[in-house]
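Enquirer: need coordinates for the following:
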Amino acid sequence: MSNLELSVGLWHYDHARSLFDGTVAIEGADATFESGRIVSDIFENMVRNRKYDVSELGLTFYLRTLEWGKESPFVAIPVFPNRRFRHTAIYVNTNSGITKPEDLAGKTIGEFATYGHDAGIWPKGILSDDYGVTPEQSKWVIGGVDWPMKPFDFIPFIHPDSVDVKLAPDGKGLGPMLEAGEIDALITALVPRAFTDGSPNVARLFPNAEEVEREYFKRTGIYPIMHTVVIRRDLLDTHPGLARRVFDAFCASRDVEMARLEHGLMDHHIDVTSPWFDHLYERNRKLLGDNWWPYGIDANRKNIDTFLRYTYEQGLSKRRLTVDEIFAPELLDT
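Expert: Residues are numbered from 1 along each chain as shown. You can find the predicted model right below:
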């Protein structure tokens, strides 16, 4: 019997390197891997065009496809190719009077791409849980970061009626608006150019973001999940066991990278251009544990459930979804 041909859309992560170069294969499949200009191109190609059989997909975008009920085209597996701590994702205009999270109440906040992108759901949830600042206390403007952009239109653009949400004016990007003081703050997965260029008008809400994020992990055990991996539902219906084989391949590729990082301690990670990387690796391992990039349900249940709670509280899902209903049933034992 010939192998199943699979097309896979995935960003070029270090933990996926072994999948791209063929060191790790999906059992019983001949897989072709493709990336994109930016990671959201992969999402759009999957949701709008069904371009791939298997694809990385923003977790919030996947959840919105589940709102289509029986028409939902994808099933997720508990693989999480992108994680990021997101206190770092909140920027403020230094003349806005915002010096602490509570000052965001009553302010106008920009958000990249849509209301409720992955890097927006986590900060909003954390601001609500830890500082008592909820989305309805602010006004929101949606757009591109350093260039004008309409909201993503390959997923529904939704927000609760209780939250004031508008689109950025034609011809304007949120980063320049933040620098000019036309908005007070910005939550975004992309770093605004005004910040990287050193504008005195733009700063992070948390200037000691790494310290705050490390404390957050110590307190919660959560290293926030941004993206998951989905498989076409019709393909799973006709190929029993495929979800497990894809899951196993992603785990194997991740393990190759984690072993490479561990082995790198022997020569102070001489293959990495960043100085002191070996010290950073040791600090991270001490805080996060030996496997800080876990796949599967058990190791990520609190993480996923928190995201599902935030999604519901922020008015982006009609009901409070549970962890066990959003992944392939055959992988609930992982």
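Enquirer: can we go C-alpha only for contacts and neighbour counts from here?
Expert: Fine.
Enquirer: quick one: low-confidence parts of this protein?
Expert: 1 (pLDDT under 70).
Enquirer: which residues in the stretch 101-250 of the chain form strands?
Expert: 108-112, 139-143, 164-167, 185-187, 202-204, 227-232 (DSSP state E, counting those that start in this stretch).
Enquirer: just those: most buried one?
Expert: strand 185-187 (a mean of 30; mean count of other Cα atoms under 10 Å).
Enquirer: can you point me to the longest helix in this structure?
Expert: Counting residues, the longest helix found in the chain (DSSP state H) is helix 242-263.
Enquirer: could you tell me how far it lies from the centre of the chain?
Expert: 19 Å (Cα atoms, centre = their mean, to the nearest Å).
Enquirer: buried sites along that helix?
Expert: 242-258, 262 (16 or more other Cα atoms under 10 Å).
Enquirer: can you list the domains in the protein?
Expert: Here the domain parsing of the chain from automatic domain parsing is 4-83+225-331, 87-220.
Enquirer: first vs last residue of the first one, how far apart are they?
Expert: Domain 4-83+225-331 stretches 20 Å from its first residue to its last (Cα to Cα, to the nearest Å).
Enquirer: can you pull out the helices in this protein?
Expert: 17-20, 39-49, 59-66, 118-131, 174-180, 193-196, 209-220, 233-238, 242-263, 277-288, 301-313.
Enquirer: distance to V8 added to those, as JSON lines?
Expert: JSON lines is the format used below for the helices of the chain (distance: least, Cα to Cα, whole Å):
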{"stretch": "helix 17-20", "distance to V8": "10"}
{"stretch": "helix 39-49", "distance to V8": "10"}
{"stretch": "helix 59-66", "distance to V8": "16"}
{"stretch": "helix 118-131", "distance to V8": "21"}
{"stretch": "helix 174-180", "distance to V8": "32"}
{"stretch": "helix 193-196", "distance to V8": "31"}
{"stretch": "helix 209-220", "distance to V8": "32"}
{"stretch": "helix 233-238", "distance to V8": "13"}
{"stretch": "helix 242-263", "distance to V8": "10"}
{"stretch": "helix 277-288", "distance to V8": "29"}
{"stretch": "helix 301-313", "distance to V8": "23"}
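Enquirer: so of those helices, which one's packed in deepest?
Expert: Buried most deeply of the helices of the chain, by mean count of other Cα under 10 Å, is helix 174-180, with a mean of 23.
Enquirer: how far away from the center of its chain is that one?
Expert: Distance, centroid of helix 174-180 to centroid of chain: 23 Å (Cα atoms, centre = their mean).
Enquirer: for it, packing partners?
Expert: Applying 3 or more Cα pairs under 8 Å, 6 or more residues apart in numbering; DSSP states H and E, we find helix 174-180 packed against strand 90-93, strand 108-112, strand 185-187, helix 193-196.
Enquirer: tell me which of the ones you listed approaches V54 most closely.
Expert: strand 108-112 (25.7 Å; Cα to Cα).
Enquirer: pull up the pairing partners for the closest one, direction included.
Expert: Sheet pairing for strand 108-112, assigned by DSSP bridges, gives strand 139-143 (parallel), strand 185-187 (parallel).
Enquirer: those: which one's closest to I158?
Expert: Using Cα to Cα, these put strand 139-143 closest to I158, at 11.6 Å.
Enquirer: name the residues that touch that closest one?
Expert: 106-115, 149-151, 163-168, 173-174 (Cα atoms under 8 Å, 6 or more residues apart in numbering).
Enquirer: returning to that earlier point: quick one: closest of the helices of the chain to F327.
Expert: Per Cα to Cα, nearest to F327 of the helices of the chain: helix 242-263, 9.9 Å.
Enquirer: kindly export the closest one (C-alpha atoms) in CSV.
Expert: Extracted as CSV, the C-alpha positions of helix 242-263 are listed here (Å, rounded to 0.1, in the frame of the first residue of the first chain):
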residue,chain,number,x,y,z
LEU,A,242,-3.9,9.5,11.4
ALA,A,243,-4.3,12.0,14.3
ARG,A,244,-2.1,9.8,16.5
ARG,A,245,0.6,9.4,13.8
VAL,A,246,0.8,13.2,13.2
PHE,A,247,0.9,13.8,16.9
ASP,A,248,3.7,11.3,17.4
ALA,A,249,5.7,12.9,14.6
PHE,A,250,5.4,16.4,16.1
CYS,A,251,6.5,15.0,19.5
ALA,A,252,9.5,13.3,17.9
SER,A,253,10.6,16.5,16.1
ARG,A,254,10.2,18.5,19.4
ASP,A,255,12.3,15.9,21.2
VAL,A,256,15.1,16.2,18.6
GLU,A,257,15.3,19.9,19.3
MET,A,258,15.1,19.6,23.1
ALA,A,259,17.9,17.1,23.0
ARG,A,260,20.0,19.4,20.7
LEU,A,261,19.6,22.2,23.2
GLU,A,262,20.6,19.9,26.1
HIS,A,263,23.6,18.6,24.3
